[in-house]
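J.: A predicted structure for the sequence below; I have some questions about it.
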Amino acid sequence: MSGTIEQPRFTCGLGSIQSVVAIKKGVPILHSGPGCGGQITRLIGQGEGYAGGSTAPCTNAEEADVVFGGEKKLRSVIENSFKVIDGDLYVVVTGCTAAITGDDVAAVTGKFQLDDKPIVYVEEGGFKSNNYASHERLVNAIIDQYVDKFKESDEKIPRLVNVFASIPYQDPYWSGNLEGIKKVLEDIGLKVNILFGNESGGVEEWKTIPNAEFNIVVGPWVGIKIAKHLKVKYKQPYIQFPYLPIGAIETSRFLRTVANFAELDNEKVESYIKSEEAKYYSHIEKMADFMLEFRYGIPRRVYSIADSSYSLGFSKFLLNELGIIPGPQYIVDDIPEKYQDYVREQFENLSELQRKRDIEVVFDPDAGKNQQRLEEDAKKYEDKRILILGSSWDKNLADKIKADLLIISVPVQHRLIMNCGYTGYAGGLRAIEDIYDRVLATYR
């Protein structure tokens, strides 16, 4: 898209450095202007991780580098990064300056790769795309330049799968969400490469990507290019689940979908699902009196200003498990047009009990305009409590129209997120707790 947008909920292509930070002992090396890394961290990160933010090595490109090129400086920064930072994987990511001047980053990095250094380069240029798209290019670059070189074999390991789901830091709950997905998949008998965060084995786990029997993409579009690349490169099929599985209904659907694809023991999978659903609903039952008495106190309508995977996942969860009706959904992840009809189709079929729900879906990364649209639509429901799924930038709007706000999108400035996640059975319970927490805090 072109033109100016207000309150973008994503970063430029350089934002993929946060995906590097999410790899254990991953070190991003920025070939960019000064301050780029810090700006990205302030928008989509809480904390700098092992070597992110202001601690990340950077060439700090300036006017002289535009005139004479920055290859010599880049070579020096890489050499010194190896000396002073104990990393397992170093990834050179270029910014706008390098893209404009045409520095041969491949040649500079290639000399270190010839010495078997664990280094990868990704030529981005922040203006070329956003960090949703650059995340996919980053993962594919690591696979092509590092994994393919240092892998031990292509031999498939029974029941091993690679999962491509939440984008680190762009999804503020990425760590907990990935852990939640890994847990339920392992509980039905799979071995899981989650690749990012504490539950990953770091670069040693990345080296086993070729050994997986198949790949799982969670979301309507991000990750598809990775899965298609691996299908060609390592002959791995993939399965797609189009949104984050939140709560009992969708987590069970997710597990049955994967189990059927993997041809797992159906009896064992159903036994696990039955056990988890029993525990899940036991928590609901013990609060049934309170929830029934308070049913008029919870929001009756939900709006989202969020990315497509979250908006879909929460809409299904809130409608089918809490009875909160989705209003217009404002999708801000700049999703390519070729995937938009697929997302609309998912919204039309939010509930199995009522097909073809008429839900307005607006694809517009301009969150400022979406706030105006939301406020206008909410005027028709002034007598009802409203829930907004958005970011800290939506707090003033929520206060203005007396709505409850659950922050699920960046930037996050009004809560600390360490290991919270909303995926799986436990994630669904956490979502209910967080929603009621905000409702009770503003109960009138």
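T.: Sure thing, it's come through.
J.: Mind telling me what element the nearest residue to residue 54 once chain neighbours are set aside is part of?
T.: Leaving aside its chain neighbours, residue 54 sits nearest to residue 38 (5.1 Å; criterion: C-beta to C-beta, 6 or more residues apart in numbering). Placement of C-beta: from N, CA and C, glycine included. Using DSSP states H and E, residue 38 sits in helix 36-44.
J.: can you list the residues that contact that helix?
T.: 10-12, 14-15, 17-18, 28, 30, 48, 52-54, 56, 58, 95, 126, 131, 169-170, 172, 410-411 (C-beta atoms under 8 Å, 6 or more residues apart in numbering).
J.: Need the three-state assignment for residue 383.
T.: coil (DSSP: H, G, I helix; E, B strand; the rest coil).
J.: no wait, residue 330
T.: Residue 330 ends up strand, using three-state DSSP.
J.: how about the nearest residue to it once chain neighbours are set aside, what does it touch?
T.: Closest residue to residue 330 apart from its sequence neighbours, by C-beta to C-beta, 6+ apart: residue 370 at 3.8 Å. The contact partners of residue 370, taken as C-beta under 8 Å, 6+ apart, are 305, 330, 332, 362, 364.
J.: and what of residue 160?
T.: 190, 191, 192, 193, 208, 211, 212, 213.
J.: Take those residues and lay them out in JSON lines including distance to residue 105.
T.: Shown next, in JSON lines, are the contacts of residue 160 (distance: C-beta to C-beta, whole Å):
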{"residue": "190", "distance to residue 105": "38"}
{"residue": "191", "distance to residue 105": "36"}
{"residue": "192", "distance to residue 105": "33"}
{"residue": "193", "distance to residue 105": "28"}
{"residue": "208", "distance to residue 105": "28"}
{"residue": "211", "distance to residue 105": "30"}
{"residue": "212", "distance to residue 105": "30"}
{"residue": "213", "distance to residue 105": "35"}
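J.: Just those: which are in helices?
T.: In helices, judged by DSSP state H, none of those are found.
J.: Narrow those to those in strands?
T.: If you go by DSSP state E, the contacts of residue 160 have 191, 192, 193 in strands.
J.: can you pull the buried residues of the helix holding residue 38?
T.: Neighbour counts over helix 36-44 (16 or more other C-beta atoms under 10 Å) mark 36, 37, 38, 40, 41, 43, 44 as buried.
J.: got any ranges where the stretch 251-400 of the chain has weak pLDDT?
T.: 353-357 (pLDDT under 70).
J.: Which single one of the buried residues of helix 36-44 is nearest to residue 345?
T.: residue 44 (28.8 Å; C-beta to C-beta).
J.: Need the per-residue pLDDT for that closest one.
T.: Note for residue 44: predicted pLDDT of 91.
J.: Run through the residues that contact the residue nearest to residue 169 when sequence neighbours are not counted.
T.: Distances taken as C-beta to C-beta, 6+ apart put residue 18 closest to residue 169, at 3.9 Å, once the chain neighbours are dropped. Residue 18 is in contact with 40, 41, 44, 45, 52, 131, 168, 169, 170, counting by C-beta under 8 Å, 6+ apart.
J.: Repeat that for residue 378.
T.: Per C-beta under 8 Å, 6+ apart, neighbours of residue 378: 303, 327, 386, 401, 403.
J.: Likewise for residue 432?
T.: 284, 321, 322.
J.: again, only this time at 7 Å
T.: The contact partners of residue 432, by C-beta atoms under 7 Å, 6 or more residues apart in numbering, come to residue 322.
J.: any idea how far residue 202 lies from residue 76?
T.: 27 Å (C-beta to C-beta, to the nearest Å).
J.: Who has more neighbours out of those two?
T.: The residue with more neighbours, out of residue 202 and residue 76, is residue 202; 15 against 11, by other C-beta atoms under 10 Å.
J.: Walk me through the domains of this structure.
T.: Domain assignment for the chain by automatic domain parsing gives 13-150, 160-281, 284-441.
J.: need the ones you listed in CSV with distance to residue 6, can you?
T.: Below are these laid out as CSV (distance: least, C-beta to C-beta, whole Å):
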stretch, distance to residue 6
domain 13-150, 14
domain 160-281, 19
domain 284-441, 3
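J.: So for residue 5, which of the ones you listed sits nearest?
T.: domain 284-441 (4.1 Å).
J.: How far away from the center of its chain is that closest one?
T.: Put simply, domain 284-441 sits 17 Å off its chain's centre (C-alpha atoms, centre = their mean, to the nearest Å).
J.: picking up where we left off before, kindly confirm my reading that the residue nearest to residue 169 is in a strand.
T.: No - with three-state DSSP as the criterion, residue 18 is helix rather than part of a strand.
J.: Strands of the stretch 51-200 of the chain, start to end?
T.: Assigned by DSSP state E, counting those that start in this stretch, the strands in the stretch 51-200 of the chain fall at 89-94, 119-122, 160-164, 191-193.
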